[in-house]
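**Q** model this:
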Amino acid sequence: MNSHRRRTRILATLGPATDPPGMLDALLRAGVDVVRLNFSHGDPSAQVARAQAVREAAQRVGAEVGILADLPGPKLRIERFAAGKVQLRAGDPFDLVASADAPPGDARQVGISYLGLPRDVRPGDTLLLDDGMVQLRVDRVEGERIATTVLNDGALSDRKGLNRLGGGLSLGALTDRDRELIGVAAELGADFIAVSFCRNAADMEEARAIARSHGSDAALCAKIERAEAIENLAEIIDASDTVMVARGDLGVEIGDAELPGLQKKIIRESLARSKVVITATQMLQSMVDSPIPTRAEVLDVANAVIDGTDAVMLSQETAAGSYPLKAVEAMARICVGAEKQFEMDTDFERAQRDLQRADQAIAMAAMFLSDHIGVRAIVAMTESGGTARYLSRYRSNVPIYGLSRHAGARRRMALMRDVVPVAFDSRGLATREAARESLKALFGAGLLAEGDRVVFTSGDHMEHHGATNTLRLLQVGADGAAEGLGGI
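**A** Next comes the predicted model:
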């Protein structure tokens, strides 16, 4: 009972490297809490098959595992080259051609996927290709042709990404393809849907409306990867359930020097607004080809954990790397090490005062109580997972057991820091009976022991969303049942 339980969640991307028989089971046992299906790659039918495989593996392993469907978004790309690749030299002229009929590219020009780019750029702008590996200065715009000068030597190959330094492109977040894929995500039962390149709250609201129209109750995740998103950060967070610090394109648009501070700001703002936050992109990138991470990567992951991120994400490391299992094991090990050395308590003097909801107030009171009298765990009866989310926004040294009869709610809780989702059906039970039976269930699972004190939260009407209004201090008896029932 005294061993450290990992508090930070692990999100792993699926791909060819995770498809071999037995690999999914091994990854889940190693610590994967949520899997990511990247709809930017492969046929959607392959992602549907992977989702089914995840559900089956989770059942075999006995874990609550969430599925995140990541939409491609309006990724700006150059088109293809006649030879597949060119070498550009600093000072050379190079044109971008915004035409559906652009010929295959060469060392002088290449077509682009976003035909509206000539309207969005001006002479003097800097365009970044292949995550900034090749930089171009815009000299002039002539109809559908953007004349640029190459600023640095570099190789360029087919379909590489394109960004404008500082952002400012008018392209919307959701493409027609994204709208179709939201339907696919709903069909496969995704627990989270990630919106790429969102600019504002309206992008998130549109995605949510489309998901609901397909019957999906998935949590909506805003990927922060455009400069415009930073300007509208508060409204995007408020319109989302989950936020992802997508450091790849964000770093290209704003510059790498600004990225560390913005990562901390996004995490801080998300937690302050009671939203779940993921830190992503190149966290253990060297492990695509190496069985061990670099020291710099270890520090990067640890810093995100110390900052309070709910989850850390693996991308190519698990999707296409040579060591997917070792990458997950390393991520889990680093999270635990950081958590052990930097246990941080909530400063309740600075905590939010203007709470609008009863379940938020109960969550804050529960955390204050657990902090000051010493308990083994917090047990939260919840329909949607909302109470567990509010509890997890406050830092504590004890686990939060989120008990719900809804499988979708449990899988969404799998992404929340400190929260352990547990299946429990409270229907037909009075509040005191539910408390007694839930503690017996946790006792039977080895999660609580005789004599443990716990804080228990529930609602008078436990089958209703947002109904948490009761807090109790309980002690586990010899048979696991609650003793010393009393309202607080």
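
**Q** Correct me if wrong: residue 223 contacts residue 198.
**A** Yes. Contact status for residue 223 versus residue 198: in contact at 6.5 Å, counting by Cβ atoms under 8 Å. C-beta here means a position set from N, CA and C on the backbone, and glycine is covered the same way.

**Q** Neighbour count for the two, which is higher?
**A** The neighbour comparison of residue 223 against residue 198 (other Cβ atoms under 10 Å) goes to residue 198, with 33 against 28.

**Q** Could you count how many residues lie near the residue nearest to that one when sequence neighbours are not counted?
**A** In this structure, residue 198 finds its nearest non-sequential neighbour in residue 173, 4.5 Å apart by Cβ to Cβ, 6 or more residues apart in numbering. Residue 173: 24 surrounding residues under other Cβ under 10 Å.

**Q** avg pLDDT for stretch 143-151?
**A** Stretch 143-151 comes out with an average pLDDT of 98.

**Q** got the contact list for that stretch?
**A** 88-99, 109, 115, 117-118, 121, 126-127, 134-141 (Cβ atoms under 8 Å, 6 or more residues apart in numbering).

**Q** filter those to the buried ones?
**A** Buried members of these, scored by 16 or more other Cβ atoms under 10 Å, are 88, 94-98, 109, 117-118, 121, 126-127, 134-136, 138-139, 141.

**Q** Show me those residues that map onto helices.
**A** Among those, the members falling in helices (DSSP state H) are 117, 118.

**Q** how about the strands in the stretch 301-450 of the chain?
**A** Ranges of strands within the stretch 301-450 of the chain are 311-314, 377-381, 400-404, 419-423, based on DSSP state E, counting those that start in this stretch.

**Q** Compare these and give me the one nearest residue 51.
**A** Smallest distance to residue 51 across those (Cβ to Cβ): 17.6 Å, for strand 311-314.

**Q** Tabulate the strands of the stretch 301-450 of the chain (CSV), appending mean neighbour count.
**A** CSV is the format used below for the strands of the stretch 301-450 of the chain (neighbours: other Cβ atoms under 10 Å):
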stretch, mean neighbour count
strand 311-314, 26
strand 377-381, 27
strand 400-404, 28
strand 419-423, 21
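
**Q** mind listing what the closest residue to residue 391 other than its chain neighbours touches?
**A** In space, and not counting its chain neighbours, residue 391 is closest to residue 363: 4.6 Å by Cβ to Cβ, 6+ apart. The neighbours of residue 363, taking Cβ under 8 Å, 6+ apart as the test, are 387, 390, 391, 393, 394, 457, 468.

**Q** Next, find the distance separating the fourth one from residue 400.
**A** For residue 393, the distance to residue 400 equals 11 Å [Cβ to Cβ, to the nearest Å].

**Q** can you check the last one too?
**A** Plainly put, residue 468 is 13 Å away from residue 400 if you go by Cβ to Cβ.

**Q** Now for the two: what residues contact both?
**A** Joint contacts of residue 468 and residue 400 (Cβ under 8 Å, 6+ apart) are residue 380.

**Q** which residues sit in contact with the residue nearest to residue 198?
**A** Contacts of residue 173 (Cβ under 8 Å, 6+ apart): 73, 74, 195, 196, 197, 198, 199, 203, 206, 207.

**Q** 10 Å instead?
**A** Contact analysis of residue 173 by Cβ atoms under 10 Å, 6 or more residues apart in numbering lists 71, 73-74, 195-200, 202-204, 206-207, 222-223, 226, 228-229.

**Q** next one: residue 274
**A** Each residue near residue 274 by Cβ under 10 Å, 6+ apart is listed here: 237, 238, 352, 357, 360, 363, 386, 389, 390, 392, 393.

**Q** between the residues you listed, which is closest to residue 443?
**A** Looking across the contacts of residue 274 and measuring by Cβ to Cβ, the closest to residue 443 is residue 392, at 22.7 Å.

**Q** what touches both of residue 223 and residue 198?
**A** Taking Cβ under 10 Å, 6+ apart as the contact rule, residue 223 and residue 198 both touch 71, 73, 173, 229, 236, 240, 243, 244, 246.

**Q** tell me, what residue is most central in the chain?
**A** Of all residues in the chain, the one closest to the mean position by Cα atoms, centre = their mean is residue 278, 3.8 Å from it.

**Q** Looks to me like it is in a helix.
**A** No. With DSSP: H, G, I helix; E, B strand; the rest coil as the criterion, residue 278 is assigned strand and is not in a helix.

**Q** I'd say it and residue 313 touch.
**A** Yes. Applying Cβ atoms under 10 Å as the test, residue 278 and residue 313 come out as touching, 5.6 Å apart.

**Q** Overlap in contacts, these two.
**A** Here residue 278 and residue 313 have 9, 11, 34, 36, 68, 244, 245, 246, 304 as joint contacts, going by Cβ under 10 Å, 6+ apart.

**Q** Highest neighbour count among those residues?
**A** residue 244 (31 neighbours).

**Q** Test my guess that that one contacts residue 304.
**A** No. Residue 244 is not in contact with residue 304 according to Cβ under 10 Å; the separation is 12.0 Å.

**Q** Of all the residues in stretch 26-39, which ones are buried?
**A** Residues of stretch 26-39 classed as buried: 26-28, 30-39 (neighbour count, 16+ other Cβ under 10 Å).

**Q** Next step: those restricted to strands.
**A** Counted as lying in strands by DSSP state E, out of the buried residues of stretch 26-39, are 34, 35, 36, 37, 38.

**Q** And the contacts of stretch 152-161?
**A** Residues outside stretch 152-161 that contact it (Cβ under 10 Å, 6+ apart): 75-81, 83-92, 94, 104-105, 107, 110, 113, 128-136, 150, 248-249, 252.

**Q** Count the residues that sit near residue 75.
**A** Using other Cβ under 10 Å, residue 75 has 17 neighbouring residues.

**Q** do residue 442 as well
**A** By other Cβ under 10 Å, 24 other residues sit near residue 442.

**Q** So the nearest residue to it once chain neighbours are set aside versus residue 237, what's the distance?
**A** Excluding its sequence neighbours, the residue lying closest to residue 442 (Cβ to Cβ, 6+ apart) is residue 448, at 4.5 Å. For residue 448, the distance to residue 237 (Cβ to Cβ) stands at 35 Å.

**Q** Next: residue 296.
**A** Separation of residue 296 from residue 237 (Cβ to Cβ): 29 Å.

**Q** Sweet, I'm off.
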